[in-house]
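# fold the stuff below for me.
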Amino acid sequence: MTQKRSLQITKRKKPRTPKVSHLRKRQENVSCENHLNETLLCANILQLKVFHACVYYKTRRLAAKNLKMSPSAVTYNIQKLEDILRVLLFDREPRGYELTTSGDKVYQMVNEIFSKLQWDTYNDATDKTNIHQIKIFTTLPLGISVFPKVLKQFKDAFPQIQLCIYTLSALPDKKFKEADVIIWPIDQISRGFEAIHLKTYQSYLFASPEYMKKFGSLSSADLTNHSIIVTRVSGNTTFDANWMAGFGNIPPENITEVNHSYMALKLCEVGVGIALYPPDLIHRSQLVKVMNEPVGTADVYLHCHKNVIHDQAMKTLVGLIKKAL
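So this is what the prediction gives:
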């Protein structure tokens, strides 16, 4: 009796192997590249094709349509692949399938395999554009600079797609769940986006003609005695917010601070003071340069969500934006 009871206790205490769904919190923090390389060999071709299609088409429905499978069969094959690899491949977001860090590594491996085998997985050209709406977030000066040139050309090519353009003074929510495109002076947004460098802007000090007429030509040594308009934007940015440090100690009473660069431009136009601005983003303004030397530079990036970056409409939009700048 004692031995049997001992065996029963031992069996009860034996831990069970956790399912994939229970690994969500820890698997993203585990280095698993070697594991993925080894276990990927255990997957069959159908599972890899289904996974590749889900990445390309972003949704189970479109992947199933292209592969001539039922949506439930697509889900089944993705789950089987996750069981084999013991990682979560996708976050199921309202906007579609979004790759996890592990899923992104698997996709790079699978895509390399498919490229070497020269497999043309997607033959239906009608499925190349599956976007019905594109949400774009940018600053007001960049929005005014880019989209009057881009919007009509894009709508002529893709009249069925709605463009939603939002201009902001600060970056939106960290998760960027609603954005498809973010044009901002920052080189990294989040894991779900791919950054494309658009342009490097040179910034100069500007003042209104009335301000220059009142004070005459200025040198860098004179700036400590003048009114300076400074833009403070929350969040990371490639704009140099501390450019004033190069011109000496400017008294706080001489500084007017705003949270939007367009507000700085308008205050500068009415003679409130001197402001830093890229000449390319000054539209129909009579402002004049205080000095001929640039004070700083700013790199602007287009961040495109990985769920839509390979869509034909998105490729066209990115091309038009680059051309406009």
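
# mind listing the strands for the stretch 51-200 of the chain?
With DSSP state E, counting those that start in this stretch as the definition, the stretch 51-200 of the chain shows strands at residue ranges 90-93, 96-99, 133-138, 162-167, 181-184, 193-207.

# quick one, what contacts Thr224?
Applying Cβ atoms under 8 Å, 6 or more residues apart in numbering, we find Thr224 in contact with Phe247, Gly248, Asn249, Ile250, Pro251, Asn254. Placement of C-beta: from N, CA and C, glycine included.

# how much space separates the second one from Asp104?
When Cβ to Cβ, to the nearest Å is applied, the distance between Gly248 and Asp104 equals 48 Å.

# out of the two, which sits in the more crowded spot?
Neighbours per residue, other Cβ atoms under 10 Å: of Gly248 and Asp104, the larger number sits with Asp104, 15 against 12.

# could you list the domains of this protein?
Taking automatic domain parsing as the domain assignment, the record places the domains of the chain at 17-122, 133-197+301-324, 200-298.

# dump those into JSON lines; add mean pLDDT as well.
As requested, the domains of the chain are arranged in JSON lines below (pLDDT from 0 to 100):
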{"stretch": "domain 17-122", "mean pLDDT": "74"}
{"stretch": "domain 133-197+301-324", "mean pLDDT": "86"}
{"stretch": "domain 200-298", "mean pLDDT": "83"}
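
# where do the helices sit along the stretch 201-325 of the chain?
Listed in chain order, the helices found in the stretch 201-325 of the chain under DSSP state H, counting those that start in this stretch are 209-215, 261-269, 312-324.

# winner for burial among these?
Burial of those is given as mean neighbour count (mean count of other Cβ atoms under 10 Å); helix 261-269 ranks first at a mean of 20.

# now do it: which elements does it pack against?
Judged by 3 or more Cβ pairs under 8 Å, 6 or more residues apart in numbering; DSSP states H and E, the packing partners of helix 261-269 are helix 140-157, strand 228-231, strand 255-258, strand 274-277.

# and those: which comes nearest Ile321?
The stretch from these with the least distance to Ile321 (Cβ to Cβ) is helix 140-157; that distance is 5.7 Å.

# buried residues of that closest one, list them for me.
For helix 140-157, burial by neighbour count (16 or more other Cβ atoms under 10 Å) applies to Leu140, Pro141, Leu142, Gly143, Ser145, Val146, Phe147, Val150, Phe154.

# pLDDT score for the residue nearest to Gln160 when sequence neighbours are not counted?
Sequence neighbours aside, His132 is the residue nearest to Gln160 in space, at 7.2 Å (criterion: Cβ to Cβ, 6 or more residues apart in numbering). At His132, the pLDDT value in this model is 85.

# what is the neighbour count of His132?
By the criterion of other Cβ under 10 Å, His132 has 9 neighbours.
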